[in-house]
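Okay, here's the prediction I keep looking at, along with the sequence it came from:
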Amino acid sequence: VRRTRQQQWRCSDVTFQCANQGLCQQWIQVINEQLSLLANRPKSLLVYINPYGGKRRGKRIYKQKVAPLFRRACISADVIVTERANHARDHLKTEANLDKYDGVVCVGGDGMFSEILHGLVTRTQTDSGVDQNQPDAELVPCSLHIGIIPAGSTDCICFATVGTNDPVTSALHIIVGDSQPMDVCSVHHDDVFLRYSVSLLGYGFYGDLLTDSERKRWLGPARYDLSGVKTFLSHNYYEGTISFLPAENNMGTPRDKLQCRSGCCVCQHKPSSKDNKQWEMSEEKENSGWSVIRGKFIAINGASMSCACPRSPKGLSPSAHLADGTTDLILVRKCSRLDFLRHLLRHTNKEDQFDHSFVEVHRVSKFRFQPRHHELVSLEDLSESPKKTGFSPICSAQTTCNYSTAHSSWTCDGEILPHTAIQVRLLSCFARNKESQPEVH
Ligand SMILES: CCCCCCCCCCCCC/C=C/[C@@H](O)[C@H](COP(=O)(O)O)NC(=O)CCCCCCCCCCCCCCC
Ligand SMILES: Nc1ncnc2c1ncn2[C@@H]1O[C@H](COP(=O)(O)OP(=O)(O)O)[C@@H](O)[C@H]1O
Ligand SMILES: [Ca+2]
């Protein structure tokens, strides 16, 4: 493998020459023997392709860029092109014979990765008799690694782990057996399990943006830009209460400007016995340790990783860690359109997007959200519903009080959640003081 610019990898050749054919054969044999001893390298993979992700190039990307590399590396691959949403998830949950494979590869975007993650985690819990609905259930980690070939619209999980969204680079990472542990959050509504999340859990701006963009899927990745402008112009804000448990013993802060990279010391930090004690004690301290913030928010974002992507190369939370057992909770309070635009623009340049009076960020291990209840909305408040911070050119002349617009939705790695009141926690079986985490190539 040869490293080129911007974290990209390419195939490289080394040619050995020798006039003696017998000696050449010996070299080949020895090289093949040595390669087969590299236990990290996968030999057999199960590949799911979403033919409708991103610009609908999944099948072509796999066939032209990835399959030839897998063949050269003597990796056998069983390929399934999905026929419907949740096909891959359901296949993994019940049918797939996982003993045959060293890893599962998804060709698609974050939504496709999420399907594979849900399929694998659910399968592992079912096989071990663990009830995912129990918010405090100790989950059993899954043994298979997940590889991502980027062919989606945002590809933030790939971009934030590998540093680029390039199919060839990702294929080479898979071939050489690279792996990266990753934090996973569980999202519950009371005692009902909703979903797992690894990238962005967003209420308000990103929830509305995603809801709107689902109706524009035919536009491909550009749907996010169009819905982004529309959501920006409608400038809604939402009232609610957010409670969170600050992360204990974590070695960084969301504003420390340290980027998480492979082999990151924060994520590799194994707590000392003293740390471990504190980790256990934190259960007791939990009741008193919660912070509660009530207010009017334009956006509430939980970023378990940086969420870097081509649109925002440093991401929503540039210093978030991939596997430190925490999520960065970003609260953007009601502010003017111009201020919010300034904040958004800072995601694309070197300026600090948290350096605004209306933005705060906390590194947390759990959080909850409760939207302001319908019944509690006073008549006075209703007269200004839907909540706007100013004149809105798109949703003007709101003469009727529309309850539904007083609530946003949560987007969870690009999927809309059916509830607004949620409880989120970092899964302890994947936390940094345990050895096993789901790993991605
Ligand atoms: C003015 C320009 C502002 C640019 C601000 C960019 C902030 C980008 C942060 C992106 C965080 C992405 C987190 C990742 C989420 C993904 O898991 C998830 C699913 O991905 P998939 O489709 O591959 O399955 N994707 C998403 O939720 C999509 C997020 C899309 C964000 C686009 C934001 C565009 C904002 C445009 C605002 C325009 C204001 C213009 C004013 C005139
Ligand atoms: N064959 C299919 N037909 C329709 N939808 C699918 C299919 N396979 C997967 N999906 C769904 O498509 C959605 C988007 O997939 P994803 O690969 O993340 O693309 P994008 O990045 O463009 O959103 C996911 O919710 C996934 O469940
Ligand atoms: Ca994290």
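That came in fine, so what should we check first? Residues are numbered from 1 along each chain as shown. Ligands and ions are numbered 1, 2, ... in the order given.

packing partners for the helix or strand harbouring residue 174?
Using DSSP states H and E, residue 174 maps to helix 167-175. Applying 3 or more CB pairs under 8 Å, 6 or more residues apart in numbering; DSSP states H and E, one finds that helix 167-175 makes contact with strand 9-10, helix 67-72, strand 145-150, helix 156-162. Placement of C-beta: from N, CA and C, glycine included.

right, quick check: the host helix or strand of residue 329 against ligand 1, any contact?
Per DSSP H and E, residue 329 falls inside strand 327-333. No. Between strand 327-333 and ligand 1, judged by CB under 6 Å from any ligand atom, nothing touches; the nearest distance is 10.7 Å.

Would you mind listing what in the protein touches ligand 1?
Contacts of the chain with ligand 1, taken as CB under 6 Å from any ligand atom, map to 109-111, 152-156, 199-200, 206, 210, 224-225, 228-229, 232, 307, 309, 311-312, 316, 341, 344-345, 347-348, 411, 413-414.

Just the ones in helices from these, please.
Under the assignment DSSP state H, the residues of the chain next to ligand 1 contribute 110-111, 156, 206, 210, 224-225, 228-229, 232, 341, 344-345 to helices.

Mind giving me the ChimeraX command for buried ones among the residues you listed?
Selection of the buried residues among these in ChimeraX, burial being defined by 16 or more other CB atoms under 10 Å:
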select :110,111,156,206,210,224,228,232,344
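
Now for the ones in helices among the residues of the chain next to ligand 1: which two are most distant?
111 and 341 (27.7 Å; CB to CB).

Look through the protein and state the residue closest to ligand 3.
Closest contact between the chain and ligand 3, by CB to the ion, is at residue 183 (4.0 Å).

Tell me how far the residue lying closest to residue 111 once chain neighbours are set aside lies from residue 10.
What sits nearest to residue 111 in space, not counting adjacent residues and going by CB to CB, 6 or more residues apart in numbering, is residue 414, at 4.9 Å. For residue 414, the distance to residue 10 equals 29 Å [CB to CB, to the nearest Å].

who's more crowded, these two?
Of the pair residue 414 and residue 10, residue 414 is the one with more neighbours under other CB atoms under 10 Å, namely 25 against 12.

thought the more buried one was touching residue 109?
Yes. Taking CB atoms under 8 Å as the definition, residue 414 is a contact partner of residue 109 at 7.1 Å.

shared neighbours, these two?
Residues touching both residue 414 and residue 109 by CB atoms under 8 Å, 6 or more residues apart in numbering: residue 154.

buried residues in stretch 29-43?
41-42.

gap between the two ends of that stretch?
With CA to CA, to the nearest Å as the measure, the ends of stretch 29-43 fall 18 Å from one another.

which residues sit against it?
73-76, 101-103, 145, 147, 174-177, 179.

Need the ones in helices among the residues of the chain next to ligand 1 in a markdown table (columns: distance to ligand 2 and pLDDT).
What follows is these, written out as a markdown table (distance: CB to the nearest ligand atom, whole Å; pLDDT from 0 to 100):
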| residue | distance to ligand 2 | pLDDT |
| --- | --- | --- |
| 110 | 5 | 96 |
| 111 | 3 | 95 |
| 156 | 9 | 95 |
| 206 | 14 | 98 |
| 210 | 10 | 97 |
| 224 | 9 | 96 |
| 225 | 13 | 96 |
| 228 | 15 | 97 |
| 229 | 19 | 97 |
| 232 | 20 | 98 |
| 341 | 25 | 98 |
| 344 | 21 | 98 |
| 345 | 24 | 97 |
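
Let me know the closest of the ones in helices among the residues of the chain next to ligand 1 to residue 293.
Closest to residue 293, out of all of these and judged by CB to CB, is residue 206, at 18.5 Å.

give me every residue that touches residue 49.
58-59, 62, 79-82, 107-108, 151.

Which single one of those is nearest to ligand 1?
residue 108 (7.5 Å; CB to the nearest ligand atom).

so what's the backbone phi/psi at the residue of the stretch 1-150 of the chain at minimum distance from ligand 1?
Taking CB to the nearest ligand atom as the measure, the stretch 1-150 of the chain has residue 109 as its residue closest to ligand 1, at 2.7 Å. With angles defined as degrees, to the nearest 10, residue 109 sits at phi -100, psi -160.

hang on, it packs against residue 159?
No. Assessed by CB under 8 Å, residue 109 is found out of contact with residue 159, at 10.8 Å.

what is in contact with the two at once?
Shared contacts of residue 109 and residue 159, counting by CB under 8 Å, 6+ apart, come down to residue 150.

pLDDT weak spots in the stretch 301-441 of the chain?
Residue ranges of the stretch 301-441 of the chain with pLDDT under 70: 374-405, 428-441.

Taking it, what residue is nearest to ligand 1?
Proximity of the stretch 301-441 of the chain to ligand 1 (CB to the nearest ligand atom) peaks at residue 414, 2.5 Å away.

Against ligand 2, how distant is residue 301?
18 Å (CB to the nearest ligand atom, to the nearest Å).

which secondary structure element contains residue 261?
Following DSSP H and E, there is no helix or strand that holds residue 261.

Name the nearest residue to residue 347, sequence neighbours excluded.
Closest to residue 347 by CB to CB, 6+ apart is residue 312, at 4.2 Å.

no wait, residue 131
Nearest residue to residue 131 in three dimensions, chain neighbours excluded: residue 137, at 5.8 Å (CB to CB, 6+ apart).

returning to that earlier point: list the contacts of the helix holding residue 174.
1, 7-11, 41-42, 45, 61-62, 65-66, 69-70, 73, 75, 103, 105, 147-151, 158, 162, 441.

Compute the inter-axis angle for it and strand 145-150.
Angle, helix 167-175 to strand 145-150, by axes from the mean of the first three to the mean of the last three CA atoms, to 10 degrees: 170 degrees.
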